[in-house]
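Asks: Predicted model and sequence below, questions to follow.
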Amino acid sequence: MTLAALTPDSIFALSSNIHVLPVVHGSGDMAHIVREIIVSRHIDCVAIPLPPSVEPLIEEGINQLPVISLVVLPEQDDDGTSSCSYVPVDPCQPVIMGIRSAMSEGIPRAYVDREVQHYHSASWIGPDPYTLKTVPLAAFSAATIPFLPPPQAQSSRWERIRWMAFRLHELELDFSAVLFLCSVTDWPWLRQSYQERMPYISPEERTGPPEWWKVEPASLYFVLSELPYVTHLYEQRREEARADTHLAIDGIKELVLEARAQWMVSRSTTIAQETNWVTPQLLQRYFQYVRNLTLLEHRLKPDLYTLVLAAKQMAGDEFALRLLETAKTYDYQTQPSALDTRPGVLLGIGELQDPDGNILPALNRLQGDPLVWRRVTLRPDPPRPKTQSWAQQWNPYRQCSWPPEDQRIESFAAHVRQHSRQVLGADLGRIERFTHSLEDGIDLRATLREWAISPTRSVRDIHVKVVPPVRGTIEALVFFFEVPADPQMFSWQTTWYAEHQEESTLSFYATPFTTNLVGPGIGEACYGGALFLYPPRHIPDIWENPAFDFATSLEERLLAGACAYSQEPFVAVVSPVPLTSVWRKIARRFGRKLLPIPLHRFSGQTIARLRRFHVLNGHDIRSYAAKFIRE
């Protein structure tokens, strides 16, 4: 059986013994196709588009997978300065997957690329390889031909292509079924060079022997073709012998769900009632948004920038940072291996720092789409030495709020007051038979009930709703965000007075801001409960007033203050639990009535955003606070 049975597409056949498989570097989907072809077809030899000098180190690195390593080839630029090129031993690279599969199947490998003193690459952005899930490889490859960058005459790339064509002629003498994993950017000219038997130039003498280095975990994003977390899933599926056909997209979903789980755990240690506001409905809208952003960039799979940007815009900086950290996670890199004795190397875009600390220009010989820097503003947690320094400089006699947060919560309180008036008016409503006016509208329920009771009556009454106008206002508004409130968690209780007539008098209990400094003179706290009095006026601090010492909890004392200082008969209470008998007893003690409003009536994301607020160490801090406060 010859390789002609590999595929019915003669476009890839150089002869009856040699087939070219154009591969898109840096694609897990392409690596899956390479593996399936090698393990399912009869192949005598796999030709690799890498120079022979890297063969022992590449295959030794593959034996150490899933630990990621790098084979570095030292070079010199035209001006004599040192540089390098490198081959990442990445399980999601199609060429590495081809070598790995051939080694497991016992198939000989031939490294056919030309040795050069300085490697030159062809930068090209091609179509998304995820297209291969529905488009044949022949159609995909043929469609790219008009857009491929041609090699320049007498260039290093052109000499390499002609040398690889010559090496394929040599392999044809020894093997009857050769599969060549050629870069998609080179295969039309390699086909031409092979068929025309173009002259070639012998390999150059190398600047130095290749070196094998371990990759530092912080640099994995710049080395791996897929996201580190997705690459981890590929290796995990390989260990468990599970299918990974659609892991390029399913892995993104698993990444987001894992980031959400870690985000929930980190928040559950502080604020228990906030942990579930990133709901499945929000995640559904998030994935739709990511899909739309990806399509706008003419891609089928989202990149890390798109995922983080959408997370920031839909769930805030904290969730976006958690997603970013999770995407960079590759647990296998810390496993013991033969690479532990090797020096670690750091990489960036187009540069490499060797173990001696020298920074060299570097080119990836298996480069997929070029990496580019893109900016998204995220505010990470400050390091501990900085927070300790800020805490020592804090002046306890200077405290003020952050005006944008004041406006936000005052607007929400006004909305809740308006809603409370509507609820109060609905309680005062009554139903009457229609006589001469529709009043506030027809009450369909009462009307249909009347008709059902008396179906034989020739004349049936119509009922209308009468909602009398509500007199007075809701002056005192109480929020209970957690019931019962832990006094140790919400150990900061105080009363703030309005700076102007558009603010409420605010009495609350919250987490201490001194333990969570986010910037110089900026502390973050979280409400456990709050009382808003509007219009504002000066009241004694309810936390120091001995008249409320009968209260046994933070909720009871805050509610007692609301009932005592309210000048209106009704006090609105927003709570996650129904009103308790103790709360009603406190209201009767001060001659007030409680108007309950369920907390779950409002968006969990809105509540979580309103609960967190910042305390500034003086009005002058407001000039730069926006640089440190996360939305």
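Replies: Alright, I've got the coordinates. Residues are numbered from 1 along each chain as shown.
Asks: Next secondary structure element downstream of the longest strand anywhere in the chain?
Replies: Ranked by residue count and defined by DSSP state E, the top strand of the chain is strand 522-533. Using DSSP states H and E, the next helix or strand after strand 522-533 towards the C-terminus is helix 554-565.
Asks: List the contacts of that following helix.
Replies: 476, 478, 480, 483-485, 487, 490, 493, 507-509, 528-531, 533, 539, 542-543, 545, 547-548, 550-551, 571, 573, 582-583, 586-587, 589-592 (Cβ atoms under 8 Å, 6 or more residues apart in numbering). For glycine as for every other residue, the C-beta is placed from the backbone atoms N, C-alpha and C.
Asks: Same question for stretch 487-504.
Replies: 270, 400-401, 406, 410, 413, 477, 482, 505-513, 525, 528-529, 532-536, 538-539, 541-543, 553-554.
Asks: same question, stretch 614-623
Replies: 394-395, 398-403, 405, 513, 518, 520-525, 625, 629.
Asks: Tell me where this protein is predicted with low confidence.
Replies: For the chain, the stretches flagged by pLDDT under 70 are 1-9, 268-277, 425-429, 439-440, 451-460, 467-472, 631.
Asks: packing partners for the helix or strand containing R160?
Replies: Following DSSP H and E, one finds R160 within helix 156-174. Helix 156-174 is packed against strand 18-20, strand 45-48, strand 178-180, helix 187-196, with contacts defined by 3 or more Cβ pairs under 8 Å, 6 or more residues apart in numbering; DSSP states H and E.
Asks: looking at these, which is buried most?
Replies: Highest mean neighbour count of the helices and strands packed on helix 156-174: strand 178-180, a mean of 26 (counted as mean count of other Cβ atoms under 10 Å).
Asks: Tell me how many other residues crowd the residue lying closest to K627 once chain neighbours are set aside.
Replies: In this structure, K627 finds its nearest non-sequential neighbour in G519, 7.2 Å apart by Cβ to Cβ, 6 or more residues apart in numbering. Neighbourhood size, G519 [other Cβ atoms under 10 Å]: 22.
Asks: which phi and psi does G519 have?
Replies: phi -170, psi 170 (degrees, to the nearest 10).
Asks: any idea how far K585 is from it?
Replies: Note on G519: its distance to K585, by Cβ to Cβ, to the nearest Å, is 44 Å.
Asks: try V518
Replies: Distance from V518 to K585, by Cβ to Cβ: 41 Å.
Asks: the more surrounded of these two?
Replies: Neighbours per residue (other Cβ under 10 Å) separate V518 from K585, with V518 holding more: 19 against 10.
Asks: got the contact list for the host helix or strand of the more buried one?
Replies: Assigned by DSSP H and E, V518 belongs to strand 517-519. If you take Cβ under 8 Å, 6+ apart as the criterion, strand 517-519 is touched by 379, 381-382, 387, 390-391, 394, 523-524, 614, 625, 627-630.
Asks: now that strand, how far from the centre of its chain.
Replies: 24 Å (Cα atoms, centre = their mean, to the nearest Å).
Asks: cool, and stretch 281-290?
Replies: The answer for stretch 281-290 is 12 Å, by Cα atoms, centre = their mean.
Asks: buried ones in that stretch?
Replies: Neighbour-count burial for stretch 281-290 flags 282-283, 286-287, 289-290 (criterion: 16 or more other Cβ atoms under 10 Å).
Asks: Of the contacts of helix 554-565, grab the buried ones for PyMOL.
Replies: A single PyMOL command is used to select the members of these judged buried by 16+ other Cβ under 10 Å:
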select buried, resi 476+478+480+483+485+490+493+507+508+509+528+529+530+531+533+539+542+543+545+548+551+571+573+583+586+587+592
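Asks: follow-up on the earlier one: show residues contacting the helix holding R160.
Replies: Contacts for helix 156-174 (Cβ under 8 Å, 6+ apart): 14-15, 17-18, 45, 47, 49, 110, 112-114, 116, 118-122, 151-152, 178, 180, 182, 186, 189-190, 193-194, 197-201, 203.
Asks: before we move on, what about stretch 139-150?
Replies: Contacts for stretch 139-150 (Cβ under 8 Å, 6+ apart): 11-12, 22, 122-124, 126-127, 129, 131-132, 184-185, 187-189.
Asks: all strands for the stretch 1-150 of the chain, in order.
Replies: 18-20, 45-48, 69-76, 82-89, 109-111 (DSSP state E, counting those that start in this stretch).
Asks: Reformat those strands as CSV; add distance to V308.
Replies: What follows is the strands of the stretch 1-150 of the chain, written out as CSV (distance: least, Cβ to Cβ, whole Å):
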stretch, distance to V308
strand 18-20, 38
strand 45-48, 35
strand 69-76, 26
strand 82-89, 23
strand 109-111, 38
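Asks: Nearest to T341, out of these?
Replies: Of all the strands of the stretch 1-150 of the chain, strand 69-76 sits nearest to T341, with 12.0 Å by Cβ to Cβ.
Asks: Enumerate the positions of the closest one that are buried.
Replies: 69-75.
Asks: tell me how far the ends of stretch 582-595 are from each other?
Replies: 15 Å (Cα to Cα, to the nearest Å).
Asks: Give me the contact list for it.
Replies: Contacts of stretch 582-595 (Cβ under 8 Å, 6+ apart): 420, 423-424, 474, 551, 555-556, 559-560, 563-564, 566, 569-573, 579.
Asks: chain center to it, what's the gap?
Replies: Centre to centre, stretch against its chain (Cα atoms, centre = their mean), the figure for stretch 582-595 is 47 Å.
Asks: repeat for stretch 299-309
Replies: 9 Å.
Asks: cool, stretch 617-624 as well?
Replies: Taking mean C-alpha positions (Cα atoms, centre = their mean), stretch 617-624 and its chain are 32 Å apart.
Asks: ok, now stretch 212-219?
Replies: With Cα atoms, centre = their mean, you get 24 Å for stretch 212-219.
Asks: Can you report how many residues neighbour T580?
Replies: There are 14 residues near T580, going by other Cβ under 10 Å.
Asks: Show me the beta-bridge partners of the nearest residue to I18 once chain neighbours are set aside.
Replies: Distance criterion Cβ to Cβ, 6+ apart; nearest residue to I18, sequence neighbours excluded, is V178 at 4.6 Å. With DSSP bridges as the criterion, V178 is bridged to I18, C45.
Asks: any idea how far V178 is from E235?
Replies: Going from V178 to E235 by Cβ to Cβ gives 29 Å.
Asks: swap in F412?
Replies: Distance from F412 to E235, by Cβ to Cβ: 47 Å.
Asks: again, but for E502
Replies: Counting by Cβ to Cβ, the gap from E502 to E235 is 58 Å.
Asks: likewise P596?
Replies: Counting by Cβ to Cβ, the gap from P596 to E235 is 54 Å.
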